[in-house]
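# dropping the sequence and predicted coords here.
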Amino acid sequence: MKTRLTYRADFWVEVVSDLLFQATNFIFILVIFMHTESLGGWSQNEVVFVYGFFMVPFGVFSCFVNMWGFSERYIVKGEMDRILTRPAHNLFQIFLENVDPPALVGSVIGLIIMGISGSNLGLPFEWWTIPMVIILTLSAVAIYTGIYTTLTSLSFYSDAPTGILPLMYNIQTYGRYPVTIYNRAIQVLLTWIIPFAFVGIYPAAMFLHREEMQGMALLTPVVGAIFLGIGLLSWNYGVKRYKGAGS
Amino acid sequence: MLGAYFDFIRIRFLTMLAYRVNYYSGILIYTLNIGVNYFTWRAIYGDGESLGGFTGAQMTTYVAVSWMARAFYFNNLDREISTDIRDGSIAIQFIRPYNYVLVKMMQGLGEGLFRFMMLMIPGMVIAILLFPVQLPTELSAWAGFLAMLFFSFLISSQINIITGLSAFFVENNEGMMRMKRVVVDLFSGLIVPISLFPGWLSSVLEVLPFQAITYLPGSVFTGRVQGVGIWNVLGIQVIWFVVLLIPIVWLYHAARQRLFVQGG
């Protein structure tokens, strides 16, 4: 963490590129609402609010869990052997080695967006708002971690570089839009198989007082626990089968 | 000599074949992308007839064709080049008796051909079965589209090469590569057709090369642009191809100079 902060220029380059990435997604929402009043019954402020919420857990996840290039760095180059000789849990060590503080700026911006669009909508600030934001954020982070840990653990079995990860990053953004506009198959996929709807639209519906999704919002911690569990199991199983690279 | 370059196409094609699991998942994920975008646009259209000159049916076709074209022209040349630069292996590549940039382009083409056959065509068949895509019937539209697709590949690869070579001059071009990725997806018209952007932004985008990658070929294929317009589109693509050669040649020479300075 401290080594990352030493390189000031890198830090700001990354903050700016993260923000531009978010800005382009934001442009999409703004362009859509130039041409329509509502997206499947959701107003512009509501969609923006969902987007704000989406940014919060994603920032936390990107900061503490960074699996990009795991296969190249740890397996191909043999760093995994070094990790395994140490007593702390190997996954925990990998997370710590890759902490990425600039990503947290996204979370802060997300909170600001939630604040602005929330006050535009006149959302009440209840006693449970802050604890709920924390609980749902942690659950969403657990979902991300579970999914990406599972996918990364595939690199223990196959020597193919996992090209699935970048494609997944595309798909996760679809969890921000009202899933009800999609057909049944995509809804099921985004809810139960790769549950990205639980990192955006469902938990955000809680604060928007959307009755139809309250139940789903309350399920978020459960889904988080299940997927984190799957991730850890497949990781540990993969590590057990891991034999080291080459000589 | 030319034969050697063709070998680079062939070798890359075969390498891609070795990692085909990635591509089976690729077909599914591209189909999902088309599906999500299709339903999003349907929700945006609601009861509306036409947006930014696109009818609902044209938009469906546009979404499907744009994503499938991306399956063909997309490659990671930028990442490959900056990896070569960072681990220093580019020095050896520069000494070898071939043109490094041209080799990268050939490797990109090998990958593109693989993606065309294994990803784009099967993906297109699935998309036609699942969504109401209307493909043109005239042979000329198809021939035109294939030519434009090839230029989409050239222009997108050129942008990747420029981004990759910038690693010579910028200490950390990770941010640049990420930015390039989103900028190309958004400003090429893949996510939103350019005619739907607010007026000032679409007039800015019309003088940038990105529209030549997705938006212009897509407009031709959906039948929005016909007749003489098709030649205009092709002309714009050729112009951008030539214009983008300039920074590449310049970067390449500057990079060689810099390499000698560093290497001593």
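Thanks, I have it.

# when you work out contacts or count neighbours from here on, use the C-alpha atoms and nothing else.
Fine.

# quick one, strands of chain B?
Along chain B, the stretches classed as strands by DSSP state E are B:50-51, B:54-55.

# quick check: mean pLDDT across the first one?
Strand B:50-51 shows a mean pLDDT of 82.

# that one: partners in the sheet, and parallel or antiparallel?
Here strand B:50-51 is paired, per DSSP bridges, with strand B:54-55 (antiparallel).

# contacts for the strand it pairs with, please.
B:49, B:224 (C-alpha atoms under 8 Å, 6 or more residues apart in numbering or on different chains).

# for it, the distance to its chain's centre please.
24 Å (C-alpha atoms, centre = their mean, to the nearest Å).

# and of the strands of chain B, who's closest to A:Val13?
When these are compared by C-alpha to C-alpha, strand B:50-51 sits nearest A:Val13, at 36.8 Å.

# what does the closest one rub up against?
A:35, B:45, B:56, B:196.

# returning to that earlier point: Serialize the strands of chain B to a markdown table and add fields for mean neighbour count and distance to B:Ile230.
Conversion of the strands of chain B to a markdown table gives the following (neighbours: other C-alpha atoms under 10 Å in any protein chain shown; distance: least, C-alpha to C-alpha, whole Å):
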| stretch | mean neighbour count | distance to B:Ile230 |
| --- | --- | --- |
| strand B:50-51 | 14 | 22 |
| strand B:54-55 | 18 | 17 |
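
# what ranges do the helices span in chain A?
Using DSSP state H, the helices of chain A run over A:2-6, A:8-35, A:44-64, A:70, A:79-84, A:90-97, A:104-121, A:129-153, A:164-172, A:184-188, A:201-207, A:214-241.

# nearest to chain B, out of these?
Of all those, the one in closest proximity to chain B, counting by C-alpha to the nearest C-alpha, is helix A:8-35 (5.4 Å).

# that closest one: which residues count as buried?
A:10-11, A:13-22, A:24-25, A:29-30, A:32-33 (16 or more other C-alpha atoms under 10 Å in any protein chain shown).

# please apply the same query to stretch A:62-75.
Under the neighbour-count criterion of 16+ other C-alpha under 10 Å, stretch A:62-75 has A:62-67, A:70-71, A:74-75 buried.

# circling back: just the buried residues of helix A:8-35 that are near chain B?
For chain B, the contacts drawn from the buried residues of helix A:8-35 by C-alpha under 8 Å from any C-alpha of the partner chain are A:10, A:13-14, A:17-18, A:20-21, A:24, A:32.

# between those, which is nearest B:Lys104?
A:Ser17 (25.9 Å).

# give me every residue that touches the nearest residue to that closest one once chain neighbours are set aside.
Among residues not flanking A:Ser17 along the chain, B:Gly175 sits closest, at 5.4 Å (C-alpha to C-alpha, 6 or more residues apart in numbering or on different chains). By C-alpha under 8 Å, 6+ apart, the residues touching B:Gly175 are A:13-14, A:17-18.

# and the helices of chain A as a markdown table, adding mean pLDDT?
Listed next are the helices of chain A as a markdown table, based on pLDDT from 0 to 100:
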| stretch | mean pLDDT |
| --- | --- |
| helix A:2-6 | 54 |
| helix A:8-35 | 80 |
| helix A:44-64 | 92 |
| helix A:70 | 79 |
| helix A:79-84 | 80 |
| helix A:90-97 | 85 |
| helix A:104-121 | 91 |
| helix A:129-153 | 91 |
| helix A:164-172 | 79 |
| helix A:184-188 | 89 |
| helix A:201-207 | 89 |
| helix A:214-241 | 90 |
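
# distance to B:Leu165 added to these, as TSV?
Below are the helices of chain A laid out as TSV (distance: least, C-alpha to C-alpha, whole Å):
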stretch	distance to B:Leu165
helix A:2-6	24
helix A:8-35	18
helix A:44-64	27
helix A:70	24
helix A:79-84	28
helix A:90-97	28
helix A:104-121	29
helix A:129-153	29
helix A:164-172	22
helix A:184-188	40
helix A:201-207	40
helix A:214-241	37
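
# pick out the residue closest to the middle of chain A.
A:Phe58 (3.9 Å; C-alpha atoms, centre = their mean).

# contact partners for residue 196?
All of this refers to chain A. A:143, A:171-175, A:190.

# oops, I was thinking of chain B
A:31, B:51-52, B:202.

# write out the residues of chain A neighbouring chain B.
Counting by C-alpha under 8 Å from any C-alpha, chain A sits next to chain B at A:10, A:13-14, A:17-18, A:20-21, A:24, A:28, A:31-32, A:35-36, A:38-40, A:160-164, A:167, A:171, A:174, A:181-183, A:186.

# again, only using 7 Å
Chain A comes close to chain B at residues A:10, A:13-14, A:17, A:21, A:24, A:31, A:36, A:39-40, A:160, A:163-164, A:181-182, as judged by C-alpha under 7 Å from any C-alpha of the partner chain.

# counting neighbours, what do you get for B:Met148?
Number of residues near B:Met148 (other C-alpha atoms under 10 Å in any protein chain shown) recorded here: 26.

# wouldn't it be in contact with B:Tyr215 here?
No - with contact defined as C-alpha atoms under 7 Å, B:Met148 does not count as touching B:Tyr215 (10.9 Å).

# residues in the stretch 101-250 of chain B within reach of chain A, list them.
Close to chain A, as judged by C-alpha under 7 Å from any C-alpha, the stretch 101-250 of chain B has residues B:172, B:175, B:179, B:182, B:186, B:197.
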